[in-house]
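K.L.:
what follows is a predicted structure for the sequence shown.
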Amino acid sequence: MENKDLNTLRKNLPKGAITIISSETGLSVSMVSYVLSGKRMNDSVIDIAIRLIEESKVQKHKRLKRLKNAVK
């Protein structure tokens, strides 16, 4: 994965994502950070990061929908 793609990935991660990725993969927080900065490679870290971004977007969409319904 190219550095610009990793930068985009990192910028879109929800808060606490590195800790979640670390827990799910069994890797240290520092190793997850190395992967997300391009210093190491681990497909599981990338896959989980993408999943967390997707889940975060779905939650954000649901939250906005609830807000719109609440203020009608």
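P.N.:
Looks like it came in fine.
K.L.:
when you work out contacts or count neighbours from here on, use the C-alpha atoms and nothing else.
P.N.:
Noted.
K.L.:
in what helix or strand does residue 24 lie?
P.N.:
For residue 24, the host element (DSSP states H and E) is helix 17-25.
K.L.:
now stretch 54-62: average pLDDT?
P.N.:
For stretch 54-62, the mean pLDDT works out to 95.
K.L.:
what are the contacting residues of that stretch?
P.N.:
residue 14 (CA atoms under 8 Å, 6 or more residues apart in numbering).
K.L.:
ok, stretch 25-41 next?
P.N.:
The contact list for stretch 25-41 (CA under 8 Å, 6+ apart) reads 1-3, 6-7, 9-10, 18-19, 21-22, 42, 44-46.
K.L.:
helices along this structure, start to end?
P.N.:
Assigned by DSSP state H, the helices in the chain fall at 3-12, 17-25, 29-37, 43-70.
K.L.:
and the buried ones among the contacts of stretch 25-41, selectable in PyMOL?
P.N.:
A single PyMOL command selects the buried members of the contacts of stretch 25-41 (16 or more other CA atoms under 10 Å):
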select buried, resi 6+9+10+18+19+21+22+45+46
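K.L.:
need the max-distance pair from the contacts of stretch 25-41.
P.N.:
2 and 19 (22.7 Å; CA to CA).
K.L.:
just the CA atoms of the helix holding residue 24, as CSV, please.
P.N.:
C-alpha atoms of helix 17-25 as CSV (Å, rounded to 0.1, in the frame of the first residue of the first chain):
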residue,chain,number,x,y,z
ALA,A,17,-8.8,2.4,16.4
ILE,A,18,-5.2,1.6,16.9
THR,A,19,-6.0,0.0,20.3
ILE,A,20,-8.9,-1.9,18.8
ILE,A,21,-6.7,-3.2,16.0
SER,A,22,-4.0,-4.1,18.5
SER,A,23,-6.5,-6.1,20.5
GLU,A,24,-8.0,-7.9,17.5
THR,A,25,-4.7,-8.8,15.9
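K.L.:
what angle separates that helix from helix 3-12?
P.N.:
Helix 17-25 and helix 3-12 are oriented at 100 degrees to each other (axes from the mean of the first three to the mean of the last three CA atoms, to 10 degrees).
K.L.:
count of neighbours near residue 61?
P.N.:
When neighbours are counted by other CA atoms under 10 Å, residue 61 registers 12.
K.L.:
many thanks, have a good one.
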